[in-house]
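Q: Provided below are the primary sequence and the corresponding predicted coordinates.
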Amino acid sequence: MTHLLRVPPPAAPPPTGRLPFTDAPGVPDPIEVTSGWLTRGGRPWFPVSGEFHYSRYPNGEWEEELLKMRAGGVTAVASYVIWIHHEEAEGRVRFDGDRDLRRFATLCARHGLDFVPRIGPWSHAEVRNGGLPDWLLGRTRAPRTDDPAYLEPVRAWFTEIAEQLRGLERASGGPVVAIQIENELHDRPGHLRTLKRLAQEAGLSAPLWTSTAWGGVRLPGEDLLPLYGGYPEAFWTEADGGWPDPCRKHFFFTHERDDEGIGADLRPTGTPDAATSTERFPWATCELGGGMAVAYHRRPRVEAADVGALGLTKIGCGSVWQGYYMFHGGTNPAGELTSLQESHATGYPNDLPVLTYDFQAPLGEYGQVRPSYHELRLQHLLLAGFGHRIAPMRSVLPEQSPTGQHDRDTLRWAVRTDGTSGFLFVTNHQPHEPLPNHPDTAFTIDFPLAPSLTLPSTPVTVPSGAYFCWPLRLDVAGLRLEWATAQPVCTVEADGRTVLVLAATDGIAPELALDADTVTSVAAPSGEITPLAGRLLVSGVRPGTDALVEVEAADGSRVGLLVLDAVTARTVYRGPAWGAERLVLCGDGVVFDERRRAVRLHTPAAEPSFAVLPAPDAAPVVAGASVRESADGVFSRFTIEAGPLAGTAATVTSVRPGGPAPEPVTGVRGRASVPSEKDVAAAAAEYRVDVPQDLLRDPSGVLLRLRWTGDLARAYVGDVLVADQFYSGRAWDIGLDRLPVGAPLTDGLRLRVLPLAANAPVHVPGQRGDAWREARVLDAEWVVTRRWTVRSG
């Protein structure tokens with residue numbers, strides 16, 4: 001079947017200077033906002049922001065984690081400034097240690113990352129009282145309003161934040177490009193305007209002032225830039241509610257920006273229709289689901305493909321700012337007066353774990369590099385190289401679109417286009433309910449300002465689970481690529497040519513169509529070249545590190561088209577390495593540390609390996625290890641001969657079997673509540689994990705990985721709670737370097753695992769029978785991720 005899309009004539013360019021967002025005078029790269037996209041330094045700008053809560057992560061590791069985010073394609077770091085984390089006790093405001101906002105923002109600036117503080121005062125973030133301190137709620141019966149009893153301490157809090165960020169504004173060369181006011185406040189535009197005024201009076205400044213815009217929000221005119229969101233799953237819906245419809249719609253191409261589901265558990269019924277016109281503002285996001293939290297009553301699992309498909313779909317829909325929540329997980333700090341998680345105890349509708357805020361994020365609670373990190377990095381490389389082209393392109397939907405959110409048979413696709421060229425997006429993946437194969441698929445795009453394109457030359461099957469982006473008339477260093485059935489990744493200069501890297505899709509043979517008028521010669525060692533209607537069709541290329549199609553363009557430039565297979569493409573990093581921009585292939589974590597002129601690998605592999613293009617002038621060196629070089633297609637591969645790792649087996653001893661599961665208890669809205677401490681103490685099975693002394697000597701990067709069943713699990717050192725998890729079928733990681741300094745581990749790590757009652761109103765996905773409800777530790781291992789600093793030889 002040939003799917004048709006007709007591109008309408010291009011609209012007039014959106015006016016500039018109409019929206020009240022202005023950058024500081026004299027900055028070299030002024031930020032501006034049109035109704036269609038953002039610009040920076042006069043060029044279309046496609047930012048990628050990722051949420052990372054500094055107060056939920058050890059400050060000694062901030063810098064390395066920020067470098068991981070940057071290597072993952074994040075250009076701006078967003079973080080809630082969580083009031084209760086800083087001023088749990090009235091008058092004792094803390095910005096020390098893990099609360100050092102200024103240091104965190106300074107580290108962002110040091111490594112070329114923008115910073116977006118989300119200053120609240122109410123944040124939500126699954127924090128106690130949404131981040132408002134208990135003492136504040138004792139002052140006012142009308143929080144989140146213009147009640148003077150509320151605004152007076154808010155003014156003081158904003159002044160504290162402003163003092164921390166003084167000198168980090170854009171006018172001073174600082175990283176603060178945007179400030180978010182409040183969060184999920186849908187019906188009080190006047191209060192939002194008041195908060196912005198108070199923040200400005202306190203001394204805060206940024207070119208962009210933003211607000212979340214989901215849930216039928218009413219914003220105060222054009223004072224705040226609306227930011228949208230979308231999650232593949234939700235913990236805040238009912239346990240028996242199935243996959244929520246608001247989540248389902250994010251796997252369709254649509255021009256509807258709002259998600260009425262986010263925060264719906266905290267909004268009153270009868271939310272008014274949105275009064276904020278989307279036509280006045282570009283489609284920007286701040287909460288695309290990088291994962292999902294797990295509540296006691298509902299414990300969703302989010303897979304890497306769910307995150308990747310949702311992100312790519314939003315680009316196809318028209319997003320010009322990809323913002324992820326969370327990009328990096330963390331751990332709730334220990335409160336001095338109470339625990340600091342959202343819970344039924346404070347009247348909120350969800351019970352969250354006391355400590356873990358892992359969020360199943362691309363970078364986990366302990367910095368784990370997850371498959372979703374690689375999925376998103378692939379897209380972010382596309383935006384880094386081609387975002388300035390994509391941002392001004394309008395999103396156009398095909399002639400035949402799905403009939404509704406439960407239509408699984410109609411192919412989901414869209415095009416971003418400027419009227420002559422563009423990018424074709426396809427999503428054939430969604431969680432829970434697989435979409436079918438689409439055999440005999442071809443596309444026709446009818447452009448108003450250029451001849452139509454029909455591709456590929458022979459119809460293909462779009463496999464179930466696939467999602468991808470194909471280029472349409474992409475100009476690369478003098479070559480016009482009419483189309484490719486492979487996704488653009490990035491470009492790099494290597495061996496005197498510009499190399500365009502493309503990622504093949506499993507199940508779809510790569511086909512490259514070159515505009516013959518832009519080509520003098522072409523060589524495809526592993527493929528066939530066929531003239532076809534003014535094009536040179538390259539087919540039969542076997543994707544891999546050696547699948548380089550070499551082109552001499554008509555203008556004399558040399559171009560390479562490197563088609564990587566889907567797995568290898570997800571190992572591509574691009575960054576400054578040893579004096580040049582290079583590609584690094586590695587299936588684990590890689591950071592580019594320009595200040596130290598080094599590349600660092602984070603890997604559990606016994607013999608870490610990475611490949612580089614272009615090859616460095618001299619073989620890289622690693623202190624304390626030899627490096628072996630070999631060829632890997634057009635890449636040079638280097639293997640670190642590191643010696644054996646420490647043993648990975650963990651010794652787990654049963655101390656006490658579990659008792660009968662406690663009877664379920666319900667709280668707010670009839671949702672299941674976390675069992676009491678008394679019930680946990682009485683019914684939990686207990687285990688001891690011996691911690692080897694050799695791992696304790698250098699605990700950095702060491703994880704205890706447990707596979708278990710039951711309801712909830714908690715880990716203690718002595719009587720101190722150090723980690724926790726609600727069972728959802730995922731492994732439970734515990735970072736050895738997070739245990740209290742000087743912790744008495746002679747008795748090992750103590751685990752308590754609680755069974756789950758058969759009648760508990762709790763949603764745990766993918767479980768069958770009742771065996772999973774039993775409190776058991778199935779197996780355990782030590783996972784040792786080492787850092788290897790690689791320098792130029």
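A: In hand now; what should we look at?

Q: list the buried ones in stretch 134-141?
A: Judged by neighbour count (16 or more other Cβ atoms under 10 Å), stretch 134-141 contains these buried residues: 134, 136, 140. The C-beta positions use only the backbone N, C-alpha and C, and glycine is treated the same way.

Q: again with stretch 685-703
A: 685-689, 691, 695, 701-703.

Q: Take those and lay them out in JSON lines including distance to His438, pLDDT and secondary structure.
A: Output for those, formatted as JSON lines (distance: Cβ to Cβ, whole Å; pLDDT from 0 to 100; DSSP: H, G, I helix; E, B strand; the rest coil):
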{"residue": "Ala685", "distance to His438": "48", "pLDDT": "98", "secondary structure": "strand"}
{"residue": "Glu686", "distance to His438": "52", "pLDDT": "98", "secondary structure": "strand"}
{"residue": "Tyr687", "distance to His438": "49", "pLDDT": "98", "secondary structure": "strand"}
{"residue": "Arg688", "distance to His438": "53", "pLDDT": "97", "secondary structure": "strand"}
{"residue": "Val689", "distance to His438": "49", "pLDDT": "97", "secondary structure": "strand"}
{"residue": "Val691", "distance to His438": "52", "pLDDT": "93", "secondary structure": "coil"}
{"residue": "Leu695", "distance to His438": "50", "pLDDT": "90", "secondary structure": "helix"}
{"residue": "Gly701", "distance to His438": "43", "pLDDT": "95", "secondary structure": "coil"}
{"residue": "Val702", "distance to His438": "46", "pLDDT": "96", "secondary structure": "strand"}
{"residue": "Leu703", "distance to His438": "40", "pLDDT": "97", "secondary structure": "strand"}
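
Q: Now for these: which two are most distant?
A: Of all pairs drawn from those, the greatest distance, 29.1 Å, lies between Ala685 and Gly701 (Cβ to Cβ).

Q: So which residues of the stretch 251-400 of the chain form strands?
A: 284-289, 322-325, 330-331, 356-357, 394-396 (DSSP state E, counting those that start in this stretch).

Q: Now do the second one, average pLDDT.
A: The pLDDT scores in strand 322-325 average 98.

Q: Contacts for that strand, please.
A: By Cβ atoms under 8 Å, 6 or more residues apart in numbering, the residues outside strand 322-325 that reach it are 46-51, 74, 78, 227, 229, 284-290, 311, 314-315, 362, 376, 379-380, 383.

Q: Just the buried ones from the residues you listed?
A: 46-51, 74, 78, 227, 229, 284-290, 311, 314-315, 362, 376, 379-380, 383.

Q: So Val426 versus Leu107, what's the distance?
A: For Val426, the distance to Leu107 equals 38 Å [Cβ to Cβ, to the nearest Å].

Q: which of those two has more neighbours?
A: Val426 (25 against 22; other Cβ atoms under 10 Å).

Q: Against Arg377, how distant is that one?
A: Applying Cβ to Cβ to Val426 and Arg377 gives a distance of 20 Å.

Q: What does the pLDDT read for Ala509?
A: So Ala509 comes in at 97 (pLDDT).

Q: ok, it to Cys469 distance?
A: From Ala509 to Cys469 the distance is 17 Å (Cβ to Cβ).

Q: same question, Val499
A: 19 Å.

Q: Could you export the lowest-mean-pLDDT helix or strand in the chain as CSV, CA atoms only?
A: Every helix and strand of the chain was ranked by mean pLDDT, DSSP states H and E. The lowest is helix 693-697, at a mean of 88. Output in CSV follows, covering the C-alpha atoms of helix 693-697 (Å, rounded to 0.1, in the frame of the first residue of the first chain):
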residue,chain,number,x,y,z
GLN,A,693,36.0,-6.3,52.0
ASP,A,694,37.8,-5.8,48.7
LEU,A,695,34.6,-4.1,47.3
LEU,A,696,34.3,-1.9,50.4
ARG,A,697,37.8,-0.6,49.8
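
Q: how far out from the middle of the chain is it?
A: 33 Å (Cα atoms, centre = their mean, to the nearest Å).

Q: packing partners for it?
A: Other helices and strands packing on helix 693-697, by 3 or more Cβ pairs under 8 Å, 6 or more residues apart in numbering; DSSP states H and E, are absent; none qualifies.

Q: Please, where are all the helices along the protein?
A: 62-71, 83-86, 101-110, 134-137, 148-165, 189-202, 245-248, 304-317, 371-390, 566-569, 677-683, 693-697 (DSSP state H).

Q: Least confident of these, on average?
A: helix 693-697 (a mean of 88).

Q: who's in contact with that helix?
A: Contacts of helix 693-697 (Cβ under 8 Å, 6+ apart): 646, 702, 736, 745, 782, 784.
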